[in-house]
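Chemist: coords below, sequence missing:
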């Protein structure tokens, strides 16, 4: 009788992690940047129909990289959970932390299940607070791990290059245009070339969670004109100025 092929649990988890990382690495990055009045989310995306950045609830946004059908399923599930919780209890009971925990459980269960492949996704769950100190950026990976990020965060693609650019140029209390320009510059820094790539508004998807909006819903998607205006404003001043 032929003996079944044995793979240790450690090797199986490593193989699943490598598989997920390769799928995520093929996609372009998404950048989240805190600014004076909220949080900016910027992605390189040439599609006008398939969004990487979306609204989940009043003060909460969702962004993702990886397989579109997989992160779209997660987005829809998050919207349904937020609507149900807000309707059953109170709108204030819908929080970014609660949604991040729910996503972590889902991704962790899928990753550890031998019956299905791991999701090739990374996601941001961001929530804007009444003041800057209450803003939240959660980054979730394919295995359900959660990281609480501060100031800025990058996922997907060549994230290390974008993070290096942000670490060098980020300053506190930037305005919206400065933060959009910085996020686009971080995306342009990715790649094998020594010179930054050229990115214009037609290649950029951008949205903000703006705490100064009078409406309960703080999410606003930026038009190409608004992104162009931000890019014309140029880089924010160097740190320490």
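Modeler: Received, thanks. The shown structure was predicted, so the numbers you read here are calculated from the model rather than taken from an experiment. Residues are numbered from 1 along each chain as shown.

Chemist: mind listing the strands in this structure by residue range?
Modeler: Listed in chain order, the strands of the chain (DSSP state E) span 30-35, 38-44, 53-57, 60-66, 121-127, 136-140, 146-149, 152-155, 204-210, 219-221.

Chemist: Would you mind giving the ones you listed as JSON lines with mean neighbour count and mean pLDDT added?
Modeler: Using the backbone N, CA and C atoms, a C-beta is placed for each residue, glycine as well. Formatted as JSON lines, the entries for the strands of the chain read as follows, by neighbours: other Cβ atoms under 10 Å; pLDDT from 0 to 100:
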{"stretch": "strand 30-35", "mean neighbour count": "27", "mean pLDDT": "96"}
{"stretch": "strand 38-44", "mean neighbour count": "27", "mean pLDDT": "95"}
{"stretch": "strand 53-57", "mean neighbour count": "22", "mean pLDDT": "96"}
{"stretch": "strand 60-66", "mean neighbour count": "26", "mean pLDDT": "96"}
{"stretch": "strand 121-127", "mean neighbour count": "27", "mean pLDDT": "96"}
{"stretch": "strand 136-140", "mean neighbour count": "22", "mean pLDDT": "96"}
{"stretch": "strand 146-149", "mean neighbour count": "14", "mean pLDDT": "94"}
{"stretch": "strand 152-155", "mean neighbour count": "26", "mean pLDDT": "94"}
{"stretch": "strand 204-210", "mean neighbour count": "23", "mean pLDDT": "96"}
{"stretch": "strand 219-221", "mean neighbour count": "19", "mean pLDDT": "95"}
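
Chemist: For these, give me a markdown table that also has distance to residue 21.
Modeler: Output for the strands of the chain, formatted as a markdown table (distance: least, Cβ to Cβ, whole Å):
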| stretch | distance to residue 21 |
| --- | --- |
| strand 30-35 | 16 |
| strand 38-44 | 19 |
| strand 53-57 | 22 |
| strand 60-66 | 10 |
| strand 121-127 | 9 |
| strand 136-140 | 14 |
| strand 146-149 | 15 |
| strand 152-155 | 12 |
| strand 204-210 | 23 |
| strand 219-221 | 29 |
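
Chemist: Show me the one of these that comes nearest residue 93.
Modeler: Of all the strands of the chain, it is strand 53-57 that lies closest to residue 93, at 10.5 Å by Cβ to Cβ.

Chemist: picking that back up, identify whichever of the strands of the chain lies nearest to residue 23.
Modeler: strand 60-66 (6.0 Å).

Chemist: hmm, who's touching stretch 56-64?
Modeler: Contact partners of stretch 56-64, identified using Cβ atoms under 8 Å, 6 or more residues apart in numbering, comprise 30, 32, 39, 41, 43, 52-55, 71, 74-75, 78-79, 82-83, 86, 91, 94-96, 99, 121-129, 207, 209, 216-219.

Chemist: Go again with 7 Å.
Modeler: Counting by Cβ atoms under 7 Å, 6 or more residues apart in numbering, the neighbours of stretch 56-64 from elsewhere in the structure are 30, 32, 41, 43, 52-55, 71, 75, 78-79, 82, 86, 91, 94, 96, 99, 121-128, 207, 209, 216-219.
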